[in-house]
Structure formats: C-alpha cells, structure tokens
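Engineer: structure, please.
(6 chains)
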6 protein chains.
Amino acid sequence: MRPSGRNPDQLRDIRLTRHYTKHAEGAVLTEFGDTRVLCTASVENKVPPFLKGQGQGWVTAEYGMLPRSTGDRMGREASRGKQGGRTVEIQRLIGRSLRAAVDLEALGEHSIVIDCDVIQADGGTRTAAITGGCVALVDALNTLVANGRLSRSPLKQMVGAISVGVYDGTPVLDLDYPEDSSAETDMNVIMTDRGGFIEIQGTAEGESFEQQELDAMLGLARKGINELFEAQKAALAG
Amino acid sequence: MRPSGRNPDQLRDIRLTRHYTKHAEGAVLTEFGDTRVLCTASVENKVPPFLKGQGQGWVTAEYGMLPRSTGDRMGREASRGKQGGRTVEIQRLIGRSLRAAVDLEALGEHSIVIDCDVIQADGGTRTAAITGGCVALVDALNTLVANGRLSRSPLKQMVGAISVGVYDGTPVLDLDYPEDSSAETDMNVIMTDRGGFIEIQGTAEGESFEQQELDAMLGLARKGINELFEAQKAALAG
Amino acid sequence: MRPSGRNPDQLRDIRLTRHYTKHAEGAVLTEFGDTRVLCTASVENKVPPFLKGQGQGWVTAEYGMLPRSTGDRMGREASRGKQGGRTVEIQRLIGRSLRAAVDLEALGEHSIVIDCDVIQADGGTRTAAITGGCVALVDALNTLVANGRLSRSPLKQMVGAISVGVYDGTPVLDLDYPEDSSAETDMNVIMTDRGGFIEIQGTAEGESFEQQELDAMLGLARKGINELFEAQKAALAG
Amino acid sequence: MRPSGRNPDQLRDIRLTRHYTKHAEGAVLTEFGDTRVLCTASVENKVPPFLKGQGQGWVTAEYGMLPRSTGDRMGREASRGKQGGRTVEIQRLIGRSLRAAVDLEALGEHSIVIDCDVIQADGGTRTAAITGGCVALVDALNTLVANGRLSRSPLKQMVGAISVGVYDGTPVLDLDYPEDSSAETDMNVIMTDRGGFIEIQGTAEGESFEQQELDAMLGLARKGINELFEAQKAALAG
Amino acid sequence: MRPSGRNPDQLRDIRLTRHYTKHAEGAVLTEFGDTRVLCTASVENKVPPFLKGQGQGWVTAEYGMLPRSTGDRMGREASRGKQGGRTVEIQRLIGRSLRAAVDLEALGEHSIVIDCDVIQADGGTRTAAITGGCVALVDALNTLVANGRLSRSPLKQMVGAISVGVYDGTPVLDLDYPEDSSAETDMNVIMTDRGGFIEIQGTAEGESFEQQELDAMLGLARKGINELFEAQKAALAG
Amino acid sequence: MRPSGRNPDQLRDIRLTRHYTKHAEGAVLTEFGDTRVLCTASVENKVPPFLKGQGQGWVTAEYGMLPRSTGDRMGREASRGKQGGRTVEIQRLIGRSLRAAVDLEALGEHSIVIDCDVIQADGGTRTAAITGGCVALVDALNTLVANGRLSRSPLKQMVGAISVGVYDGTPVLDLDYPEDSSAETDMNVIMTDRGGFIEIQGTAEGESFEQQELDAMLGLARKGINELFEAQKAALAG
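Structural biologist: Take a look at the predicted model:
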C-alpha cells in the first residue's frame, strides 16, 4: 500500500502550466502532485567558449531549490558560495537529457539555458524538471522561428522523465517524498517519444536489486513516460 | 503621464496570498502588479553565534532573484559563487526592517529566517518583500504560539514598505520597472503601522533632489503604506 | 549632553590632508575627529565592460577597514575570502555619491577608482570617505587636465556627506562611535554644494522616528555639510 | 573491430597492486590497461556532523585527476578553487557504491575516506576507482580489526564496477578512451559479488538506446565484473 | 652609483612611530625611506585550534597592501576573493620571524596577531614589516604585563630584517624600488639582536650568484640590522 | 647519529624515472628515498596575459600533495576550495628555480607548466620536485625541437636542489621526515650546474643559526647537488 493510496503504476496529478512568467521565452510551472518546479528556457545569442565558431548551438541547464521548498530550511547555495554536489549532479543530468531533444547543428550558434527552480519539493524534482523543461524548450525554439532567427524548429524529439523504485518490496511508479525517503531502490528513467532510452540511473539504497526488479521498474517507467508525453502534447496544444 | 496609466498616488494591484507553499511556517506570495515575490518565514530553534546565551531571538532575511525573473537572464548567484552587491544590500534592508516588527527578547532563543525569492520582477521587489515578508513573519510567530513554544506572539507592530520617486518631474507612488529605470529620484520608505519611519533610502539618479520633492515623496509613501497595512490586515483575516 | 561635550550642531575637527601618499593621482587623509580614512583616487584608461565603446567614463569606489582600525580586531576580508555585507553596502554608497560629482560623458573613457581605507575608526567612516574622496577625485580629474588627456575638468559639483542622528532624545550632528553605538536613529545625508540631496539613508535602531525628527536631522545635516564644503574648498586652495 | 583489437567481451589487463604507498591503511594502485588510479583508504576516528552520536560509521570518497593525467593538461582544481561537476558526480558515485560494501553500524563511529587519484587516464577511471577502492577499503577495515578497534571486519560484500557501451553498433565491455569518446552509449554498472546491482548509469550520447542493447550491455557487465571479483580475490590473497 | 645617491652600505632614513593608532595594543608606523607600513599587534585570549589546551601561545602575521600603495593600482585582494601568492609568502615569513622573538610557553594561551598594512610601497616592505612589527609586538607583550595577565614579558630577543642585493654588480644594503626592480640578486636577512640568523632568503633574478657575493651581502645585512636594533631601542625608549 | 643511519653528507637513494606516464611531454617519477614526486612538464602554445606579444616564453609550476601522501590524511585542497599557504610558497619556489634553467626569449611564445604531485611524502618534496622537474623540463624542451617548433633547445643550464639542516647539533644533507620535523635549522639550496646559487632559503626553527653553521650547510649542499647533477645526467642519457 502506497502512502498516497495510489496504485503501483499510477502517476501523481501532472500539471504543465505554460507562460507562467512573462519574461522568459519558455516558462512552464511543472507540477507532479505537490512537487512544483518552475522551468524557464532562455535564448542567448552566443555559445560557450568550447563551441565558438563551430556553427552549432548548445542546451544547458541549471537547477536550484528555494531554501524553504523542503520540510527543513536548506542553506541558500548563493550565500554558502557554492552549489552542492546533488545540485551539480542533477543539473548535469537535466542538461544531457534535454540536449537529446535538439538538433544542435540546426540550432546554429544559439544557446538555450533551462533554469529549473524548485518552489516546493515532494520527491521527483529532477524528473519534473526534465519533463516540464522540455516543454519550455519547445516554446523557446518556436520563439526563434517566430523571430525569424531560424527557419524551422530544431526539435528532434520530445523527452520525458519519471522515477521508479522498489517500495516495501513492490515496484512503483513516480515516487513521492515519503516513498523516496524509504525506498530500497530508486531509478530515474529518461526516454524519447520514439521509445528509446536517453538515460537510466538506478541506485540501490541499502540492499542491491536484481535483474527482475530492474525489468519491472523499466516497464513501469515506460508506461508512465508515455502518459507524460500525452500531458506535454496537451499543454503544447493548449 | 505614467506608462501604466496610473495616477501619481496610485498603487499597483496588491495581492498577498498566504500558505502559497506547504512546508514553511509562513509562506506568502506577494504581488505588486507584475512583481511577484515568494516570502517564506522559517523558524529555527537556535540563534546566530553572536547572540548565544543572551536569551533573545533574531530575525534575518535572504533575497534572491530567479535567473529569468528579469527581461534578460541574470547569472545564477549560486553558480557564480557569490551574492552580488545589490543582493546583499537588499537582504540587509529587509532584515533590519522586519526586526523592527518583533520584540526580540520576547521571541526567546529562536530565529526567524525570511527568504524572499523573486519569481518575476517588474520594479519594487524589495518593498514587496518587506510588505509580504511581514505577513509571513506574523504567521511564523503565530506558529510558535500554536506549538506552545511561546505563550503569546512577540509581534510589536506591522511593517510595510513602498517605493516613491520623481518620474518625469512628478512625484509618483510605487514605481514599476519602466518608471524605475528612468526615474530621476528613487526612494524606498519603510514604516510601522503606528506611523513612524523604520528606514528611508532616497537616491538621486543623475540630478539631486530638493527638500520639497522629498516632502512630496514622503507624503505619497505614507498614503501608500497605509493602504498596504489594509492589505496585510485583510490577508491575515482571510 | 554628548559624550564628547560637543554642541548638538557641532562637527568634530575636520582635517583634509592632500598628497598624503605619493603614487595616487589623488590621496587625501581625511580626519573627522579620531576617524581617519585614507582616500586615494586612481585614474585608469579603461571602463568596465558594460560601458565599453559608449564614449563615457565611470567613477567607482572600494572601501576597507584595516583589521585593527577598530576596538576589537576584525578578521581581514582578504583572508576570509570575501567582503562583508556592510563593506559592500558602504562602497556602493560611496560610488553612487561620487558619480554625482562628475559629468561622466565629459570624462570620456576613463575610470576613477576611489579607494577608502579606514586607518582608525571612531564613527562616521562612510561620510568621511565621501567627503575626503571628493577632494581626491578633484585632484585626479585635474591630473587628467594637466596631462592633456582632457581639456577641462569634468567636475560638475562638490559632494559632501555627514551623519546625523537622535542621541538620547536629541538630534545631533556628526555622531562619533560612542553616540553611534547607542543612537536611536542614524542617518547619513549626502548633498551637493548647490544644496540638493544626493542620497538620504535613515535607519531607526529599535524605535521608529517621526517626521519632526527627520526634519530636525536634515536641518543639522545641511548646516554640517556646508561647513564640510568650506573645508574642502580650503584644502583644495591649500 | 575494437581499436585495441580486443574481443567485445574482453577486459583490459587488470592489475591491483596493494601497499603501493606506505602511509595509508589501504593503498592500491589500480590499473585497467593504461588507466592508472591510486586508491587509498584512510581511517578517521570521527564521523560527519550529521551522524554524530548515532553509533554508526561512514564511508566517503574523493576523486581527482592529476593535471596531466590526460592528453591535454587540465587546470588544477585546487588552483581554480573548486571541483568541477564531473569530479563531484564521480566521487559521489564512488562513495555510494563503496558504502554498499560495509555494514555501517558494525563500523561504529569511524569514517573511511577513499581517495581516488588518477595518475594516467585512458577511459574507465571511475570503474577502476570503485574496483580498486574496494580492495583498499578491505585493507583499511582489516587494520581496524588488527588494531583491536573492531572485533571483526564490517565488510558485507565485495563491490566491483565496469563500463559497457555500444561502440560502432556493437555492445562492448570495458571501454578505453578511444572507444569512450566515440561510443553511442556508455553505461557504468556496479554490482556486488552476490550478483545484485548497486548502481546502473547508462547515458545515450547522441542517439537513444533500446531495451535489447541494454540487456546485452548488462550481460557483458555481469561477465566482466565477475572477472574483477576474481582479480580482487587474488590481490587480497597475495 | 645607487639611484638614491646612497653609499652601498647605507640604510634609508628609518622612522618607527609608536602609538600611531589608538585601538591596538601595539601600533607602529614603520618608515624605511618612502616605504611606509603600519604594523599593529593585537592580543587575543585564544589560540588556534591546533594549539588548544597545550598551555602555549602563538604569534602570527597578516600582510596587505593598500590598492594604491603602488605606482599602478593593484586589485584589492578582499574584492578578488583571495590573497595572492606573494602576500601569502610574505605573511608567513613575517609570522615565522616574529615567533622567534617570543617564548611561546611563557606567553600562555594568548595569541598576538601582527597586521602589516602597506600605506606606501617603495621596496623592502617585508623587512620594514618585520622590524616595525617587532616593536609593536613588544608593546603588546608589555600590555599583557601591565594588565596583570602575565607576570613578566615573554620577549626572548629582538628581531630585525633588511634586504640586501647585488645592484649593477655591487652588493648594496636596503634596496629601494628602483634598485629592487633591476637587481641581479635580492636577499632578505632576518636576525636576532644576539647575532644569529632567523631566516635567509636569497633569490637570483636572471643570473645566479656566487659564494663571494653571498658573503658580501651577509656582511652588509649584519651591519644594517645592527643599526635597526639601535632604532628599535630608541623607539622603545622614546 | 641520523635516524636512517646515513652519514651526515650522504644523500638518500635518488631515482629519476623518465616517461613514467604517457601523455605529458616530460614525465619523471622522482624518488629521494621514500619521497616520491611525479613531475610532469606540459607544453602550451600560449603565454600568460602579462607576457602577450612580447615574443618570450614562460615556465611555471604547480605543486600538490595527494591527500594520503602523508602520515595523517590532509584535506584535499580542491575540495576545500583553495591552496594552502605552504603549497603556494612551494610552487612559487619551484617556478622561479626552473625559470633559471631556460632562455625565455629563445623559448618563444610557449609556456611550460611543471606539475609536481607528491605521491608519498618523507621530507624534501620541494627539492625532489625541482630536481626531477628539471629533467621533465629538458624532455619537454626537446619535444619542441623534435616537433620542429624550435630549432634548438633553449636550455641554459641544469638546476638542482637539496635540503640541508642542523640536526641534533650536526649539519646534515638531505633531511628525511624524522630529521626535518625536529631539525633546529632547515635550508633549501638551489644551484645551477655551473656552480652558482639560484635560491637559498634557510629558516631557524626555535634557535637561530650562526655564520659557521651556514657555511657548513652550504658546503654539504654543494656536494649533494653535484651528485644530483650526475643523477640527472644519467637519467637523460638513459
């Protein structure tokens, strides 16, 4: 029995609210149940130094948690003077995942920066960030077309992400915080809407996990991400 | 004529939404027109080192802007490794202002941290932060009473803040970004609901300002802050 | 009764010693009683990145306290690896104030950096820094003329600064440390020699202050700053 | 055809040299072909602050590359003043993986720090670090027993790690640098000698990967890691 | 011929002004010609962590240059966020040298911090800092006696320092900036008033130096430092 | 009697292993007894900003200790976010010493970076770093010739370094850690193979040292360094 009463293969309520703020080229408030992440996509007319003059673009991401997005207040990273290891790890994952959505050569010498800021945390912030960040990215790419800077969108495919895990012996989909903090295994799965894997990160907490559990979790993930693709499609059509 | 069409003595729409997030003891989404600041108040059962063992509490504040709360993306302070001078200046102002609302000895050895995070910026973020932060502070103090940690709230008085300025030769109330960026003079006024001043910070941009302009601005500020006290009262009653 | 025995409207002894060191284009040892601040003005043939190619100049300031300028030794900011919030706040105030003295377009693409280093602190270091820094600035601007880099000095007006406050119920001028540390209200006023305000920063410590006290403090400030303009004039004539 | 001429399921030469340096409680030079990582395990009689007084121990890891362990010199992280994102990500992975080898409660209030310093890089440094670090960890745990600080070793199981990937369309085991830099998919697999998974991290570079490729890679990994367990056993018996 | 017209074995004018500032236990303005260093000695009732509970004291030093103490403005270390390598090297030398003057066990659990801040630089700032810092140190130690915290001063011996070098082929004493910047060899010699060496640091700039030059330089240093001991004695008697 | 049983004028076993790693242009494992330092020399086709466009090259050095190269684990400088004072002091010494070996104008606009990483510490790491770093430097310079980027090597002379000290009243050569940690005086001497001094750094620990001890130490150093030049020659011939 899950703490929330959900079925093992049931997502939380997913809400993707576009144009949540007015300045960014893409701005999507992403809610997976009580988890709320603001994902903005910003277009910059330059690329990082290592790509200069190569005629291709770049997509990168930064992640942050508001200090009181969590049950106990976390120190503000800006005031401590550095980003923690978990933050760095997550923003690198988001960046890698969303780069897979874009044809970087077709993007030309533009960068898209995806900022994922957690307003309220209840488990699954990184998967919410990737899923909502992809919608913000689409909006930003379309802005480049609308502005005449690109003739067509360099979007290759949609990308979605969900967590799965083994909770109390049962493989479950989309872990919330109470589940996440006591799950035996926690895995984040990132896929494309063509059905391929972009990234799989599975971690045993305490006990190791077996091939059979892995297979069950991957099956749940595939089902959940397909529902996320529907939610993305609906939001972009809205 | 103001860009927004407002009268010189007219505030923007003020909205104070309590309980905007679920974890913090106080959490107020503060909107002054398009400016949106999330103010959370967190209770900590300890005081800074310089107050240890003195039997009194502390109130402090931290301020941040989401990277794309502004027209152009600003670098993330956490990733640059330090808070900018403007950030430091603003959070010190917020902290000083809100300490004036509380009887620190009656607070006992607790700290209240007010986090003010700008979701969307359109001028006046620091005055929104103080005004909404005071409501979050009240909620946090009441939590201490509800939890039995204090017998009654150490709130001394409400504190509100507004900006005034001289725009195109005319003293105006509550500057939005288009006004702020071209005003000749910009002043932030922080007052108590008993009518006294907590802090006045007036700055000439370019030309200096005269006593008569100062008096006109202070009159506007007093009028506007009184309306803010009404908004605070309504929110706390709601 | 003031601890120093001064009248409420009496400045401390003001001494402005030009050419105190030999390398800087302007170098003024500024003494307000026991407060001693060395203000140097350095000319640089470049402007900050945000001004490049715009044909105008810049004036900025940095502030520091020698570790043992104070009663207790303060940690050295260079060794702690960052400037404290108070330092940042003060140096931004000095920079804004002294920019008001100069026609930045007439300055051309030069920067003037005003370094204000506190040798001995006894209250009022920021107002001493602005008042003496303005004299150092004049010397630096005249160097540009003497060197043939400018045809005439881009000085627009002199700028002076003084603190006022409410001490033991009485408005007083030019607070020294014993007054400053127990004043109910502390205000720094920066004016031009044409009689306009550049900046007003008034802060209630503990109790709020009333309009009438504000007016009394501003009157004292105006009187004191006029005496500072005399001192500046005498120093520059010397 | 692999650049090295190896079969798809063939490891590089594996060498684990214990007691490579004299000061550390465990010190293993770990070589996977030309990749050379020095793994030391240091015992400390204290635990991190978040574990104080809980009667359990901790295992953590730090990772670094000598500046010229790579083809081009990399800037020294100590002199740049911070560890890069890749470094942070890798050392967190090593730490999580090796904690799985130890019964932290049986360890008592001791910490084991695993330092993994890359002397020469040729692909697979993190898997070499985990595999060799586990041997260093065993030596350090045995030191605690030999010193009478623990009555028996808190080792639960051995942990090994290997990379697998899809290179030129073929799933291959233990990628070296030429393969790693052009592989379509790169996965690191960490397992216990009881056959369970500790961590799986698979990343598509460019194109996504399919379930069938995933299964093939996991099969190769299991075979390779079993050979690593043999190498660990031989080294510990040596 | 030296640029200053001095004889090869002639010091610059040496001035040691005690009580230059009022807060520090020792405060000596040290002038070697145009080089001016303010040396303060601060007593702290604690020792660094590595000495806690060992019943002995500590002497340490910090060094800084005011940004415009030099011909070109140097960036402020506090604002760059770290002390440069030269600064670190110099303050370590000052600390080691002055520790040799004190019986650390007789000092008890007190620290003396010597702050050496360069007001104006013209070569030889580190030797001026050590020579004047020793006088400030004596004043601080005597304060401990005057306050009854020690029964007698733990001073063991006086310490003095001077630079020598080979300028234009000739060994010379007490190099000023024009000499320092073109000398072939530069050596700093620190001695006790009993005639022993505390530290010798000689560096060839460009060409190496020979035993015979070394001997000549050491002879000059001994002569110069003896004159410094006279100056210290006179200052302390004054 | 020395702890190692060596004669006072006896070096430890010196081993210089070239080509210890495969990527660097020069890579020398340098062993002075149990002290092991990996010295790599990297060629970069650029010079530091202060040398741009001046047609000359640069030689610089960085130094680091692996965290467990020592008896107790030292915190990793990369993770603490800055290099300690001792590290900075040592790497500046290595850089100055090795620049003396090269005709920087003949080097053209190339930089050679010498990285000295201590694998195992047992006293004398800085002298091992200079002595072995010089061999790595020679290899790197020869690479520039082999690649056709220079027509002949800009090597001017070989540089070697050794420590000497007064241990238990006796001047001794090449101090190991047990000697170093209790020596009364410790001196590092850097010389050229033409017999001149590059740098002398002698420090009294506790008691000062006399001219006669200085002379004895310099004699030992000269003897030892001559043996190091033989070892360098043999390695380069090997």
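Engineer: from here on, contacts and neighbour counts on C-alpha atoms
Structural biologist: Noted.
Engineer: the helix or strand of chain A with the lowest mean pLDDT: which residues count as buried?
Structural biologist: Each helix and strand of chain A was given a mean pLDDT (mean pLDDT, DSSP states H and E); the minimum falls on helix A:77-80 at a mean of 93. For helix A:77-80, burial by neighbour count (16 or more other Cα atoms under 10 Å in any protein chain shown) applies to A:77-79.
Engineer: next: stretch A:63-77.
Structural biologist: Within stretch A:63-77, the residues that count as buried by 16+ other Cα under 10 Å are A:63-70, A:73, A:76-77.
Engineer: next step: these restricted to strands.
Structural biologist: Filtering the buried residues of stretch A:63-77 for membership in strands, criterion DSSP state E, returns A:63-65.
Engineer: need the buried residues of helix A:77-80 in TSV with distance to chain E, can you?
Structural biologist: Below are those laid out as TSV (distance: Cα to the nearest Cα, whole Å):
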residue	distance to chain E
A:Glu77	17
A:Ala78	15
A:Ser79	14
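Engineer: out of those, which are close to chain F?
Structural biologist: Of the entries in these, none also sits close to chain F under the rule Cα under 8 Å from any Cα of the partner chain.
Engineer: closest to chain C among the residues you listed?
Structural biologist: Chain C lies nearest to A:Ser79 out of the buried residues of helix A:77-80, by Cα to the nearest Cα, at 11.2 Å.
Engineer: just to check, the closest one is in contact with B:Lys82?
Structural biologist: Yes: taking Cα atoms under 8 Å as the definition, A:Ser79 is a contact partner of B:Lys82 at 6.5 Å.
Engineer: now chain A against chain B: closest residue?
Structural biologist: Checked against chain B (Cα to the nearest Cα), the nearest residue in chain A is A:Ala78, 3.7 Å away.
Engineer: not counting sequence-adjacent ones, nearest residue to that residue?
Structural biologist: With sequence-adjacent residues excluded and distances taken as Cα to Cα, 6 or more residues apart in numbering or on different chains, A:Ala78 is closest to B:Ala78, at 3.7 Å.
Engineer: what of A:Gly81?
Structural biologist: B:Gly81 is the one closest to A:Gly81 (Cα to Cα, 6+ apart), at 4.4 Å.
Engineer: which residues touch that neighbour?
Structural biologist: Contacts were defined as Cα atoms under 8 Å, 6 or more residues apart in numbering or on different chains; by that measure B:Gly81 touches A:78, A:80-83.
Engineer: which residue is it, in chain A, that comes closest to chain C?
Structural biologist: Of all residues in chain A, A:Gly81 sits closest to chain C, at 9.9 Å by Cα to the nearest Cα.
Engineer: how about the strands in chain A?
Structural biologist: Counting by DSSP E, the segments of chain A that form strands are A:14-17, A:26-32, A:35-44, A:58-65, A:111-120, A:159-167, A:170-173, A:185-192, A:197-204.
Engineer: so, in contact with chain B or not, the second one?
Structural biologist: No: Strand A:26-32 does not reach chain B (Cα under 8 Å from any Cα); its nearest approach is 9.1 Å.
Engineer: what are the bridge partners for A:Gly165, then?
Structural biologist: Note on A:Gly165: beta-bridge partners by DSSP bridges are A:Val172, A:Asp186.
Engineer: on that earlier part again, tabulate the contacts of B:Gly81 (CSV), appending distance to D:Ser182.
Structural biologist: As requested, those are exported to CSV (distance: Cα to Cα, whole Å):
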residue, distance to D:Ser182
A:Ala78, 37
A:Arg80, 38
A:Gly81, 36
A:Lys82, 32
A:Gln83, 30
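Engineer: of those residues, closest to B:Ile198?
Structural biologist: Of all those, A:Ala78 has the smallest distance to B:Ile198: 27.8 Å, by Cα to Cα.
Engineer: which residues touch the closest one?
Structural biologist: B:77-79, B:81-83.
Engineer: okay, the residues you listed in CSV with distance to D:Gly238 next?
Structural biologist: Listed next are the contacts of A:Ala78 as CSV, based on distance: Cα to Cα, whole Å:
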residue, distance to D:Gly238
B:Glu77, 52
B:Ala78, 49
B:Ser79, 47
B:Gly81, 48
B:Lys82, 51
B:Gln83, 54
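Engineer: report the rounded mean pLDDT for the helix ranked longest in chain A.
Structural biologist: Among all segments of chain A classified by DSSP state H, the helix with the greatest residue count is helix A:211-237. Taken as a whole, helix A:211-237 carries a mean pLDDT of 97.
Engineer: now for that helix, which elements pack on it?
Structural biologist: Counting contacts by 3 or more Cα pairs under 8 Å, 6 or more residues apart in numbering or on different chains; DSSP states H and E, helix A:211-237 packs against strand A:14-17, helix A:125-146, strand A:159-167, strand A:170-173, strand A:185-192.
Engineer: list the buried residues in it.
Structural biologist: Using 16+ other Cα under 10 Å as the test for burial, helix A:211-237 gives A:213-214, A:216-218, A:220-222, A:224-226, A:228-229, A:231-232, A:235.
Engineer: how far out from the middle of the chain is it?
Structural biologist: 13 Å (Cα atoms, centre = their mean, to the nearest Å).
Engineer: any idea of the angle it forms with helix A:125-146?
Structural biologist: For the pair helix A:211-237 and helix A:125-146, the angle between their directions (axes from the mean of the first three to the mean of the last three Cα atoms, to 10 degrees) equals 40 degrees.
Engineer: can you lay out the buried residues of stretch A:63-77 as CSV showing distance to C:Asp176?
Structural biologist: Formatted as CSV, the entries for the buried residues of stretch A:63-77 read as follows, by distance: Cα to Cα, whole Å:
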residue, distance to C:Asp176
A:Tyr63, 47
A:Gly64, 44
A:Met65, 44
A:Leu66, 41
A:Pro67, 39
A:Arg68, 41
A:Ser69, 44
A:Thr70, 45
A:Arg73, 40
A:Arg76, 36
A:Glu77, 38
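Engineer: may I ask which two of those are separated the most?
Structural biologist: Across the buried residues of stretch A:63-77, the two members that end up farthest from each other (Cα to Cα) are A:Tyr63 and A:Arg73, 17.0 Å apart.
Engineer: residue contacts, the nearest residue to A:Tyr177 once chain neighbours are set aside?
Structural biologist: Nearest-residue entry for A:Tyr177: A:Gly123, 4.2 Å, with adjacent residues in sequence omitted and distances by Cα to Cα, 6+ apart. Residues touching A:Gly123, when contacts are defined by Cα under 8 Å, 6+ apart, comprise A:35, A:175-178, A:180.
Engineer: A:Thr143 now?
Structural biologist: Under the criterion of Cα under 8 Å, 6+ apart, the contact list for A:Thr143 reads A:Glu25.
Engineer: from A:Ile94, how far off is it?
Structural biologist: A:Thr143 sits 21 Å away from A:Ile94 when distances are taken as Cα to Cα, to the nearest Å.
Engineer: and for A:Ile119?
Structural biologist: Per Cα to Cα, A:Ile119 is found 17 Å from A:Ile94.
Engineer: try A:Arg2
Structural biologist: If you measure A:Arg2 against A:Ile94 using Cα to Cα, the figure is 28 Å.
Engineer: so A:Ser111 touches A:Gly55, yeah?
Structural biologist: No: taking contact to mean Cα under 8 Å, the distance of 11.6 Å between A:Ser111 and A:Gly55 leaves them out of contact.
Engineer: those two: who's more crowded?
Structural biologist: For A:Ser111 against A:Gly55, the residue with the higher neighbour count under other Cα atoms under 10 Å in any protein chain shown is A:Ser111, and the figures read 21 against 14.
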